[in-house]
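K.L.:
The following block contains a protein sequence and its predicted model.
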Amino acid sequence: MEDIILKAEMLCKTYSNGSVMQHVLKNMNINIKKGDFTVIMGSSGSGKSTLLYALSGMDKPTLGSIAFKGEEISKYSNDTLAIFRRKHCGFVFQQMYLNDTMSVLDNIIISGLLVSKDKKAIAQKAKELLVKVGMTQECYNKYPSQLSGGEAQRVAIVRALINSPEIVFADEPTGALNSTNSTNVLDVMTDINALGQSIIMVTHDMKTARRANRILYLKDGVIIDELNIGTYAKDDNSRHNKLREFLERMGW
């Protein structure tokens, strides 16, 4: 049990619209081990993003508990949750939330300064990560409004990784990227996962899902099955076939 970094028990999320109750997550039990690369899949409306937000502390569950390294975070105050996320989590969501008044480099550095005061080291690490995701030096002083959607997404990914978070939460991180840039980003995430960082990612893309060692499939707010395909290996073609067969069984 000591290698479980995140644990959810009987997790429920319900929204009310007048007299109508919408049960989005239903009694979920999930264990995330240190170093897991977990992908969440399912049809639209199955609860994937809601689950991601609940696990990350961005949204509180209606019922149930979430524990990080044995410490229950689901009962934290909003301020304590904010501190927890800053110290332990990285986030890549569909909306990039880049600061339009800051350059690319400053958007990343300011996130790094929330944890470390060594601005020089943070800037150097930011530049190294930007190169790894396929961004050139010319982008450093650009503003978000001067970037394409794919470039902005890559900057947001670097910002999420700058503090070496123990868990990275990602919601369709390659959705706005072309094939080459998608591969660059997935290579970076695969590399950090190999160093022991846990990743929990929502995706509809099989190429992206193949990077995971574990696939959870949601339907109507319930995990109906999961697939364990081991550690990613670039030349392991069997992963694609295993994932395709699994998704076909799920009705993908």
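P.N.:
Perfect, I can see it now.
K.L.:
so residue 103 makes contact with residue 145?
P.N.:
No. In this structure, residue 103 sits apart from residue 145 without contact. The criterion is CB atoms under 8 Å, and the distance is 11.2 Å. (Each C-beta comes from the backbone N, C-alpha and C, glycine too.)
K.L.:
quick one, which of these two is more surrounded?
P.N.:
More neighbours surround residue 103 than the other of residue 103 and residue 145, with 17 against 9 (other CB atoms under 10 Å).
K.L.:
measure that one to residue 126 for me?
P.N.:
As judged by CB to CB, to the nearest Å, residue 103 and residue 126 stand 11 Å apart.
K.L.:
Now do the helices in the stretch 101-250 of the chain.
P.N.:
In the stretch 101-250 of the chain, the helices defined using DSSP state H, counting those that start in this stretch lie at 104-112, 119-132, 149-161, 179-194, 206-209, 238-249.
K.L.:
Out of those helices, flag the one nearest residue 32.
P.N.:
For the helices of the stretch 101-250 of the chain, proximity to residue 32 was assessed by CB to CB; helix 179-194 is nearest, at 12.3 Å.
K.L.:
buried sites along the closest one?
P.N.:
Applying a neighbour-count criterion of 16 or more other CB atoms under 10 Å, one finds 181, 182, 184, 185, 186, 188, 189, 190, 192, 193 buried in helix 179-194.
K.L.:
With stretch 116-136 instead?
P.N.:
By neighbour count with 16+ other CB under 10 Å, stretch 116-136 contains the buried residues 122, 123, 125, 126, 127, 129, 130, 132, 133, 134, 135.
K.L.:
Same question for stretch 6-23.
P.N.:
Those would be 6, 7, 8, 9, 11, 12, 13, for stretch 6-23 by 16+ other CB under 10 Å.
K.L.:
remind me which residues of the protein are low pLDDT?
P.N.:
When residues are selected by pLDDT under 70, those of the chain lie in 1-2.
K.L.:
at 50 what do you get?
P.N.:
Low-confidence segments of the chain, defined by pLDDT under 50: 1.
K.L.:
And the residue sitting furthest away from the middle of it, how close does it get to residue 25?
P.N.:
Computed with CA atoms, centre = their mean, the residue of the chain farthest from its C-alpha average is residue 19, at 33.4 Å. Distance of residue 19 to residue 25, given as CB to CB: 21 Å.
K.L.:
Next: residue 153.
P.N.:
Distance from residue 153 to residue 25, counting by CB to CB: 27 Å.
K.L.:
Now residue 173: closest residue in space that isn't a chain neighbour?
P.N.:
residue 92 (4.5 Å; CB to CB, 6 or more residues apart in numbering).
K.L.:
Looks like the one you found contacts residue 174 (just checking).
P.N.:
No. Counting by CB under 8 Å, residue 92 sits too far from residue 174 to count as a contact (9.6 Å).
K.L.:
Identify the contacts common to those two.
P.N.:
Shared contacts of residue 92 and residue 174 (CB atoms under 8 Å, 6 or more residues apart in numbering): residue 153.
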